[in-house]
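# Structural data only, the sequence is not supplied:
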C-alpha cells in the first residue's frame, strides 16, 4: 500500500516558490499528496497571489493529484496554526508521512507518533536516492535562500553537498 503523504504550508510554499513541487511526487514515488483545507487557506492568506496561482496551476495538472482534506477534529492552539494542527491530526489518523518544516510543530507531531520529514531531510533523501545531483542540490539551496529566505546550517549544507 502506498504511503499517505500530507504537506504543511511551510513545505508546500517553499517548493512552490522554487517551482519544485513535482520533486515531492518524484522522490516519494507517489502520484497523490494530501493538502489539508486549513493549509490551502493559509496559502491563500500568504498575500502572494502568484504563489497561490502557481498552486492552482499545479492542482489542474493532469499528472499529479492533490487531494484537499479536512480533519474532523477541530483543534485550536495559541502555539500552533490551524494548518499545522490539521496536518498533525490527519497524519496521526492515517499513519501518513508529514512534510513539515516547523521544528516545534514537528516535535508535537512526533510525540503523537507521526513520521515527519523536514526540508533538509527531504533533500538528503533525494540525494541518497540519486534523484538530485550535487549541482541540482546547490541550485535548490540557493533558490530556497533567495526566494523563501530559507537558511541551511553550514553543517547541513556540507552534508547535502559532500
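Received it, and whenever you're ready, just let me know what you need. Here the structure is a predicted model, which means the values were calculated and not measured. Residues are numbered from 1 along each chain as shown.
# Let me know the next secondary structure element after the longest helix belonging to the chain.
Assignment by DSSP state H gives helix 134-148 as the longest helix of the chain. Note on helix 134-148: by DSSP states H and E, the next helix or strand toward the C-terminus is helix 154-161.
# just checking, what packs against that following helix?
Packing contacts for helix 154-161, counted by 3 or more Cβ pairs under 8 Å, 6 or more residues apart in numbering; DSSP states H and E, involve helix 119-128, helix 134-148. Every residue, glycine included, has its C-beta placed from N, CA and C.
# which residues sit against the first one?
Read that as helix 119-128. With contacts defined as Cβ atoms under 8 Å, 6 or more residues apart in numbering, helix 119-128 is touched by 11, 14, 23-24, 27, 99, 101, 117, 132, 134, 137, 140-141, 144, 150, 152, 156, 159-160.
# 10 Å - rerun?
10-11, 14-15, 20, 23-24, 26-28, 97, 99-101, 117-118, 131-134, 136-137, 140-141, 144, 148, 150, 152-153, 155-157, 159-162 (Cβ atoms under 10 Å, 6 or more residues apart in numbering).
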